[in-house]
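**Student:** mind looking at a prediction? Sequence and model below.
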Amino acid sequence: MRIYRVGGSVRDELMQLPAGDRDWVVVGATPDDMRVAGYTPVGRDFPVFLHPDTHEEYALARTERKTAPGYRGFVFHADASVTLEEDLQRRDLTINAIARADDGTLFDPCNGRADIEARVLRHVGPAFAEDPVRILRLARFAARFHGFTVAPETRALMRGMVEAGEAGALVAERVWQELSRGLMEAHPSRMIDVLRDCGALAVVLPEVDALFGVPQPEKHHPEIDTGIHLLQCLDWAAAHDASLATRWALLAHDLGKGTTPREDWPRHIAHEARSVKLAHALAERLRVPTEIADIGRLVAQEHTNVHRAAELRADTMVKLLERLDVMRKPERLADMLLACEADQRSRPGFDAAGYPQADIVRRAAAAFRAVDAGAIARSMAEKGKTGSPESGPAIAREVQAARISAVAAERSASGLRVVPK
């Protein structure tokens, strides 16, 4: 039995980056050997075991053979005769196909170290084309290692995979898994670029692909192209450590502009409502977690209103805060406001002005939440104004009126113009 550390931790070590989880491959062993040595089996599709002390995963060296379309269409072969080189040859990228022995010796049959030095993402071999998930993985690595280029032969191979229909075999769970990880990388725009370059973006995220080439008014969007604006938003959010919910919201916030009739360009009247529908459909299709999908929907619906926060009447602001549900879900306001800020400040020439709208909404939300609805209800009860079927709506009206007054007072105290209702 010979054990080697493989994959990402070796790659990151060679790149002098903090190493994440360690993966291990075991050569020359059988499942029985592993169990006798105290390892616990956990693999369903192929033999993977947990170390008795560290609980790290140890996989038997294996090969694989394509038997059906899609990422599930594989048969794995693992036994004591599979060599380390055979195991490394089945991996996706050369930079991920390096192993290190206990004595420090490196095994690099695919020349991954040379590609690290040349800053190139290159597929190991033709078997790359058998698994469409590898397109998404490579795009995610491009977002992480943004200084790396994709080898020309790898770009050509990915285009061929898309043309052959392999990208259409991807299931929602795997798309979301890789997309969500890619969005959280340092330069998520690179993921979108790579997917678009090979044609996969039009297959897995057609709503996003439709944004490229769609113009916007230059006065408000010096970058003009809606797709370019999206890329700028994502990278601005990444530079400001935005949450996944914020980054998803930015991906979805302008989807409606991709459906604006050409004759209406560069204006996009009522794109917010169209964006909401498309954001909802995309989240449903990819099975995005509900709390993340909700923020995406709200940003698509309300980002224009937030941009106009200084101009809103107090009652309009209260209605906005009600739609945002700031009483029951105050925690998501920060994610939403950061998405709106990214939408504004990522535009060329707009960053230096800051985003005072976020503070305006935050202060209004604090005034809104400070209104004691219970005290209002008790006061009305003492005055005999409750007990009838109409009392519930009457209390709601009183609470809303109190919130409008509170927001108006806060706006006045902050030096904002208060427009009469």
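**Tutor:** Here it is on my side, so go on. Numbering: from 1, shown residues only.
**Student:** so Cys340 versus Ile360, what's the distance?
**Tutor:** Cys340 sits 11 Å away from Ile360, going by CB to CB, to the nearest Å. Just so you know, the C-beta spots here come from the backbone N, C-alpha and C atoms, and that holds for glycine as well.
**Student:** should've said Ile98
**Tutor:** Using CB to CB, one obtains 52 Å as the distance from Ile98 to Ile360.
**Student:** more neighbours: which of these two?
**Tutor:** More crowded of Ile98 and Ile360, by other CB atoms under 10 Å: Ile98, with 28 against 22.
**Student:** ok, Arg190 - how many residues close by?
**Tutor:** Neighbours of Arg190 (other CB under 10 Å): 25.
**Student:** surely it and His146 touch.
**Tutor:** Yes. Applying CB atoms under 8 Å, one finds Arg190 in contact with His146, separated by 5.0 Å.
**Student:** and for Ser316, the neighbour number?
**Tutor:** No, residue 316 isn't Ser; it's Thr. 17.
**Student:** contact partners for it?
**Tutor:** Contacts here follow CB atoms under 8 Å, 6 or more residues apart in numbering; on that basis Thr316 touches Asn305.
**Student:** in three-state terms, label it for me.
**Tutor:** helix (DSSP: H, G, I helix; E, B strand; the rest coil).
**Student:** ok, now how distant is it from Met34?
**Tutor:** 65 Å.
**Student:** do Ala169 as well
**Tutor:** Distance from Ala169 to Met34, by CB to CB: 33 Å.
**Student:** help me confirm that Ser275 comes into contact with Leu251.
**Tutor:** No. Judged on CB under 8 Å, Ser275 makes no contact with Leu251 at a distance of 10.9 Å.
**Student:** could you pull out the strands for the stretch 101-250 of the chain?
**Tutor:** 106-107, 120-121, 149-150 (DSSP state E, counting those that start in this stretch).
**Student:** how long is stretch 250-265 end to end?
**Tutor:** 21 Å (CA to CA, to the nearest Å).
**Student:** and that stretch, how far out from the chain middle?
**Tutor:** 20 Å (CA atoms, centre = their mean, to the nearest Å).
**Student:** so which bits of it are buried?
**Tutor:** For stretch 250-265, burial by neighbour count (16 or more other CB atoms under 10 Å) applies to 250-260.
**Student:** so which of those are in helices?
**Tutor:** Counting by DSSP state H, the buried residues of stretch 250-265 place 250-252 in helices.
**Student:** can you check which helix is longest in the chain?
**Tutor:** The chain, longest helix under DSSP H: helix 391-413.
**Student:** so which elements touch that one?
**Tutor:** helix 314-324, helix 356-370, helix 373-382 (3 or more CB pairs under 8 Å, 6 or more residues apart in numbering; DSSP states H and E).
**Student:** so can I have a markdown table of those showing distance to Leu121?
**Tutor:** Formatted as a markdown table, the entries for the helices and strands packed on helix 391-413 read as follows, by distance: least, CB to CB, whole Å:
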| stretch | distance to Leu121 |
| --- | --- |
| helix 314-324 | 41 |
| helix 356-370 | 37 |
| helix 373-382 | 56 |
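**Student:** out of those helices, the one nearest Cys198 is which?
**Tutor:** Set against Cys198 and scored by CB to CB, these come closest in helix 356-370, at 37.1 Å.
**Student:** flag every buried residue along that closest one.
**Tutor:** Quick answer for helix 356-370 (16+ other CB under 10 Å): 357-358, 360-361, 363-365, 367-368.
**Student:** between that helix and helix 391-413, how big is the angle?
**Tutor:** Using axes from the mean of the first three to the mean of the last three CA atoms, to 10 degrees, the direction of helix 356-370 lies 140 degrees away from that of helix 391-413.
**Student:** how about helix 356-370 as PDB, C-alpha atoms only?
**Tutor:** C-alpha atoms of helix 356-370 as PDB (Å, rounded to 0.1, in the frame of the first residue of the first chain):
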ATOM      1  CA  PRO A 356     -25.300  57.300  -0.100                       C
ATOM      2  CA  GLN A 357     -28.600  55.600  -1.000                       C
ATOM      3  CA  ALA A 358     -27.600  52.600   1.100                       C
ATOM      4  CA  ASP A 359     -27.300  54.800   4.200                       C
ATOM      5  CA  ILE A 360     -30.600  56.500   3.400                       C
ATOM      6  CA  VAL A 361     -32.400  53.200   3.200                       C
ATOM      7  CA  ARG A 362     -30.700  51.900   6.300                       C
ATOM      8  CA  ARG A 363     -31.700  54.900   8.400                       C
ATOM      9  CA  ALA A 364     -35.300  54.700   7.000                       C
ATOM     10  CA  ALA A 365     -35.400  51.000   7.900                       C
ATOM     11  CA  ALA A 366     -34.300  51.800  11.500                       C
ATOM     12  CA  ALA A 367     -37.000  54.400  11.900                       C
ATOM     13  CA  PHE A 368     -39.500  52.000  10.400                       C
ATOM     14  CA  ARG A 369     -38.600  49.200  12.800                       C
ATOM     15  CA  ALA A 370     -38.600  51.600  15.800                       C
END
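**Student:** show me what it is packed against.
**Tutor:** Under the contact rule (3+ CB pairs under 8 Å, 6+ apart), helix 356-370 is packed against helix 290-307, helix 314-324, helix 332-345, helix 391-413.
**Student:** what does the longest one contact?
**Tutor:** Residues lying outside helix 391-413 but in contact with it, judged by CB under 8 Å, 6+ apart, are 314-315, 317-318, 321-322, 360, 363-364, 366-368, 370-371, 373, 376-377, 380, 385-386, 417-418, 421.
**Student:** and the angle for that helix with helix 314-324?
**Tutor:** 120 degrees.
**Student:** for helix 391-413, buried residues please.
**Tutor:** 395, 398-400, 402-404, 406-408, 410-411.
**Student:** and what of stretch 122-142?
**Tutor:** 122-124, 127-142.
**Student:** now do stretch 265-278
**Tutor:** 266, 268, 271-272, 274-276, 278.
**Student:** and stretch 193-210, by the same measure?
**Tutor:** For stretch 193-210, by 16+ other CB under 10 Å, it's 193-196, 198-205, 207-210.
**Student:** stretch 283-293 now?
**Tutor:** By neighbour count on 16+ other CB under 10 Å, the buried set for stretch 283-293 is 283, 286, 288, 292-293.
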